[in-house]
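Asker: Got a sequence here, can you model it:
(one chain, ligands or ions: 1)
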Amino acid sequence: MLSLHRVTMCFGTVKAVDGMDLAIRRGERRGLVGPPGSGKSTVMRLIAGVIRPTGGRVEYDGHDVTDLSESRRPGIARIFQHGTAVAGLTCVEHVAMALGAHGRGGLPVPSPPDRRHALTVEVLDLLRAAGLAGEAGEATDRLPPGARRRLEIAVALASRPRLLLLDEPMAGMTAEERVRFADLLRGLPAGLTVVLTGCDRDAVAAVSSHVTTLERPEQITVPAWRVRRRPARHVERKFHVPEPPDALTFADAG
Ligand SMILES: Nc1ncnc2c1ncn2[C@@H]1O[C@H](COP(=O)(O)OP(=O)(O)OP(=O)(O)O)[C@@H](O)[C@H]1O
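Answerer: Coordinates of the predicted model:
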């Protein structure tokens, strides 16, 4: 559903991405790992259409989208490194506002009672999917980092995406928050394709089906179980990836 063909991105004299090939199937959970500066965020921005490559081709859903802007790549939702939660709103209000932005009602637009009910149900479903049902009335700026990230995912899901891009979603999370985040990802619809980045190979591998290492000179893609130090059997079941025995979710989860 998504492919990069010899994609290069230069910022002046800096070659952030150098002839990258990538092929991601529908429903895949692909992790992109590499040290700071290896080009992870740049690849995500290229996929989203925030920037255009200086060389190569990007294909999405069978179409060449290389020269199309973000708004002309439907079905892509993204969460970038610096969060977007609006201070002063509750989680319910935040998600309702996102639904409104996607033309499905939302606050504070007046609507008939049956529409309001349907909207409330959808908002609560999204919050539940993000593991935030208990924090529905909580102010977003009072949420801990992990919960805030999950709220951003609820907001992203409000657009009913086919491709979800998560740039460094686990940055700053505690081990416990990472486990909750992993649960959230496992609960997402099987047909939703997810691409996520991170510097911590084990953490990314724990929530991915395949992992691509951006370290140069060689870019390698392997099944996630080959990256995990102590991979998890339940991850194997959820992500349908053949996996050796002796499993655990996060090496650092204790
Ligand atoms: N807009 C820009 N202008 C100039 N250089 C840039 C720009 N964006 C990224 N770069 C450079 O491109 C290289 C790759 O950056 P990028 O942010 O994609 O890496 P990263 O792997 O995501 O790093 P981090 O983990 O620190 O976010 C870096 O050398 C960075 O300084």
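
Asker: Which residues of the stretch 101-250 of the chain lie near the ligand?
Answerer: Residues of the stretch 101-250 of the chain lying close to the ligand by Cβ under 6 Å from any ligand atom are C199. Bear in mind the C-beta positions are built from the backbone N, C-alpha and C, glycine included.

Asker: quick one: low-confidence ranges for this structure?
Answerer: 81-86, 102-119, 217, 229-254 (pLDDT under 70).

Asker: tell me the centre residue of it?
Answerer: Geometric centre of the chain, nearest residue: L166, 2.7 Å, by Cα atoms, centre = their mean.

Asker: So L2 sits against I47, correct?
Answerer: Yes: the pair formed by L2 and I47 meets the contact definition of Cβ atoms under 8 Å, at 6.6 Å.

Asker: Tell me what L32 is bridged to.
Answerer: Taking DSSP bridges as the rule, L32 bridges to T197, T212.

Asker: give me the number of residues near it?
Answerer: A count of nearby residues for L32, using other Cβ atoms under 10 Å, gives 27.

Asker: ok, now which ones touch it?
Answerer: K40, V43, M44, V195, L196, T197, G198, V204, V211, T212, L214 (Cβ atoms under 8 Å, 6 or more residues apart in numbering).

Asker: Which single one of the residues you listed is nearest to the ligand?
Answerer: K40 (3.7 Å; Cβ to the nearest ligand atom).

Asker: That closest one touches E215, doesn't it?
Answerer: No: using Cβ under 8 Å, K40 makes no contact with E215, being 10.7 Å away.

Asker: ok, the two, which is more surrounded?
Answerer: K40 (26 against 13).

Asker: ok, and the closest non-adjacent residue to that one?
Answerer: T197 (4.0 Å; Cβ to Cβ, 6 or more residues apart in numbering).

Asker: list the helices and strands the helix or strand V204 falls within packs on?
Answerer: Per DSSP states H and E: V204 is located in helix 201-206. Using 3 or more Cβ pairs under 8 Å, 6 or more residues apart in numbering; DSSP states H and E as the contact test, the elements touching helix 201-206 are strand 29-33, helix 175-187, strand 193-198, strand 210-213.

Asker: roughly how far apart are the residue nearest to the centre of the chain and R180?
Answerer: Computed as Cβ to Cβ, to the nearest Å, the L166 to R180 distance reads 14 Å.

Asker: Same check on M9?
Answerer: 33 Å.

Asker: burial measure for R57, as a count.
Answerer: That count, for R57 with other Cβ under 10 Å as the rule, works out to 14.

Asker: Who does the strand or helix carrying it pair with, and is each partner parallel or antiparallel?
Answerer: R57 belongs to strand 55-60 when assigned by DSSP H and E. Here strand 55-60 has these sheet partners by DSSP bridges: strand 2-11 (antiparallel), strand 63-64 (antiparallel).
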